[in-house]
Structure formats: structure tokens, C-alpha cells
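Need the 3D shape of this:
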Amino acid sequence: MKIQKIAREQGYQSNALLAQLMGELRKSNSGKYIATLAAISLNPEVKKNRNAASTLLVQGYTQQARQHGYEINEFRLSDAPQSIQQYSTRLSKILKARTIKGVIFYDVRNESDLADCRSIWENQACIVIGPRIQSPALNFVTVDHFYTAKLACEKMIYAGYSKVGIVLDAWVDNIMEHRLVAAYNTIRMEKPQWPPVLTLNEMRDNARLNDRRRFADWISCYKPDACLCLNNFIPEWLNDLGYRYPEDIGVAMLDLNEDSRHIGTGINQRMECLGKKAADLVIGQINRGETSIPSFQAGTLITGEWVRGPTIRQQ
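Alright, predicted model coming up:
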């Protein structure tokens, strides 16, 4: 930091060509160990067995970090008996003792998670995988949710569906800053026959009896010929109501992960790519000596890809 301060005082400006050369040299020495990064899962509900999305994230940032000469130390909030704030204070000391240079946060649920981790991010180069968090305004990598819903709607229209509906949890809609709904409603302005968005209000760990009734009423009232959804149980609810897909209704998942591959149609959000990009970005911050909250928040969007499967009509 002292050298950087002197360089700024002397009016030093980096040479882009030299920076490119050094980047190529670093690539050629990718097998050489440089430093260690920490990857911290902040969801206390995630146990030792990760879900499919988290597994792909880990594979992505681990592989990419190692190509740059960095190893990964994994930490999970679920391993700690204390609160997030107590755990982060203890963890910051561990990171310092291990001379860890940067941190990747993932499984972030809300702003309070990161606010309680101040002792970590105020001294580290950090990147967040997941939704934009405004306080602290750390840089982040996330799925382009607007594009996800827009692409899914366009693909369903192309497949011949004329009355496409969308169902998702209210808490997910809030986390995503209503981007899925915004894309859907943008297209719905030109498709007035499309149903209004159905948001489910019950928590993930209960029977969802009221949500099931509301879903049945929504289907009965608006009679969509296709349904976009995030939850794996929506196709099961349709089966319980006597619908077959794709014979009676088309179904596409907006997050077609390993847990929903049996459904086979929807958007692959490419979680491994999110992990790779997060590793690239935090290593870049380390190389530039950037720590704590950046002067301006920057977000990187990863676009998903459409995977066609057996739950929509074949043309």
C-alpha cells in the first residue's frame, strides 16, 4: 500500500501493454501457487451436502482460481454454532492468520448477512455471488434474471404457446429485484391474454396448502397453456390437478439445475460460469490492491441458455 501511495503521488499511470504482458506471464505460470482465497457460504440452512447449484459454483471458482495459482479454503456458516457476527469476527482472525488475500461470498440471503460480516470484508478484496446487496455495496456476479425470463417467454411463444403464465415465490421475486416479473410483464403488455403473475407466499419448509389452493384457482381461472416456474413441485401440482405435460400444458423451469433435470426444459443458469467469473474478478481486485467497499458498485451478469426438452411441444 505504501508503494501504491508513492506511485499515485508521483503521477504513475499503468501501462496497458505491460499489464497484458504480465497477464500472459501469469497464465504461463498458472501451475505455481501464489496465494489462497476464502469461499464463504452464508446460508445457515446449507448443510455439509451442498445443493446442485452450490456444487457447480464451487467447481467453477475452484477450477478458475487454480488456473491463476490460487487455492481455495472453504468456510460455511452452517458449521458455526454462533451468530453470523460472532462467526465472522472469529473467521476474520483465521483469514489473517492464513494470509488469505480475497473472499468469495455465496449463498447470501439478504443484506443483514453481509452487514454482520464487516470484520471480513472491510479488510479483504471481496466478491458476492448472487443478488445485488446495497449495504455493503460490494461488487457482485449474478444471473441475468431479466434475460432469463425474456428468453423463456420468447422460446415458449416460438413453440406455439399463446397463453403463458409464470409462478414464483414472493421472497425469490424480492431477492431478484423483480427482474423475472419485469421481463414477463414487458411481454405481457403485448399479450393481454396472458395470466397475471402468481406469487407464492408461504415459506419453503411448510406444506404450502394455501399456495396449492391458490395455484389450482389460478389455473382454473386463467387456463394457461404453458407455465414458467422456479419450483420443482409445480409440475407435481399440475399432475395432482390432472394435467399432463406437454399434452395438456407446457412446463419450463427458469432454473434448470441438477435437481430438475428430469423435467428437461428450461433455462440452464450456468452456475459454474458464475463461479469462474467470481474468481477472475476477486483476483483482479487483489492485483489492483482493492479492499473493502469499492468506490462504486459494479455487477457482472451471466446469461443463461435455453435447454429444450420433453415438457413442451415439439415442432
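
Give the next helix or strand downstream of the helix or strand that contains residue 219.
Following DSSP states H and E, one finds residue 219 within helix 209-222. With elements assigned by DSSP H and E, the helix or strand that comes after helix 209-222 is strand 226-229.

Check which residues of stretch 108-128 are buried.
108, 113-114, 116-121, 124-128 (16 or more other Cβ atoms under 10 Å). In short, each C-beta sits where N, CA and C put it, glycine included.

cool, and stretch 242-256?
245, 246, 249, 250, 251, 252, 253, 254, 255, 256.

mind listing what residue 120 touches?
Contact partners of residue 120, counting by Cβ atoms under 8 Å, 6 or more residues apart in numbering, are 40, 88, 91, 92, 95, 103, 126.

Tell me which stretches of the stretch 101-250 of the chain form helices.
Counting by DSSP state H, counting those that start in this stretch, the stretch 101-250 of the chain has these helices, from start to end: 111-115, 118-121, 145-158, 170-175, 179-188, 209-222, 233-240.

And these: which comes nearest residue 281?
helix 118-121 (14.3 Å; Cβ to Cβ).

now for the helix or strand where residue 94 lies, which elements pack on it?
Residue 94 belongs to helix 84-97 when assigned by DSSP H and E. For helix 84-97, the elements it packs on are helix 118-121, judged by 3 or more Cβ pairs under 8 Å, 6 or more residues apart in numbering; DSSP states H and E.

Centre of the chain to the helix it packs on, how far?
21 Å (Cα atoms, centre = their mean, to the nearest Å).

Equivalent analysis for stretch 248-261, please.
That offset, for stretch 248-261, works out to 17 Å (Cα atoms, centre = their mean).

Likewise for stretch 165-180?
The answer for stretch 165-180 is 13 Å, by Cα atoms, centre = their mean.

In that stretch, which residues have enough neighbours to count as buried?
For stretch 165-180, the neighbour count (16+ other Cβ under 10 Å) marks 165, 166, 167, 168, 169, 171, 172, 173, 175, 176, 179, 180 as buried.

and if you look at stretch 151-160?
Neighbour-count burial for stretch 151-160 [16+ other Cβ under 10 Å]: 151, 152, 153, 155, 156, 159.

right, and the fourth one touches residue 306 too?
Yep, that's residue 155 we're talking about. Yes: counting by Cβ atoms under 8 Å, residue 306 is a contact partner of residue 155 at 5.2 Å.

still on that earlier bit, mind putting the buried residues of stretch 151-160 into CSV with distance to residue 33 and pLDDT?
As requested, those are exported to CSV (distance: Cβ to Cβ, whole Å; pLDDT from 0 to 100):
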residue, distance to residue 33, pLDDT
151, 40, 98
152, 42, 97
153, 47, 97
155, 44, 96
156, 48, 97
159, 50, 95
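
how's the protein carved up into domains?
Listed domain ranges for the chain are 2-143+272-304, 145-268 (source: automatic domain parsing).

looking at those domains, which is closest to residue 310?
When the domains of the chain are ranked by proximity to residue 310 (Cβ to Cβ), domain 145-268 comes first, at 5.2 Å.

any idea which of the buried residues of stretch 108-128 is closest to residue 65?
residue 127 (11.6 Å).

Restricted to buried residues, select the contacts of residue 120 in PyMOL.
Typed into PyMOL, the line below selects the buried ones among those, using 16+ other Cβ under 10 Å:
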select buried, resi 40+88+91+92+95+103+126
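
if we take the contacts of residue 120, which one ends up nearest to residue 222?
residue 40 (42.7 Å).

Contacts only, for the closest one.
75, 76, 77, 91, 103, 104, 105, 106, 117, 120.

quick one: which of these sit in strands?
75, 76, 103, 104, 105, 106 (DSSP state E).

Which element is encountered next along the chain beyond the lowest-mean-pLDDT helix or strand in the chain?
For the chain, the helix or strand with the lowest mean confidence is helix 16-28, at a mean of 53 (criterion: mean pLDDT, DSSP states H and E). Scanning forward in sequence from helix 16-28 by DSSP H and E, the next helix or strand is strand 35-41.

Quickly run through the sheet partners of that next one, with directions.
strand 70-76 (parallel), strand 102-106 (parallel) (DSSP bridges).
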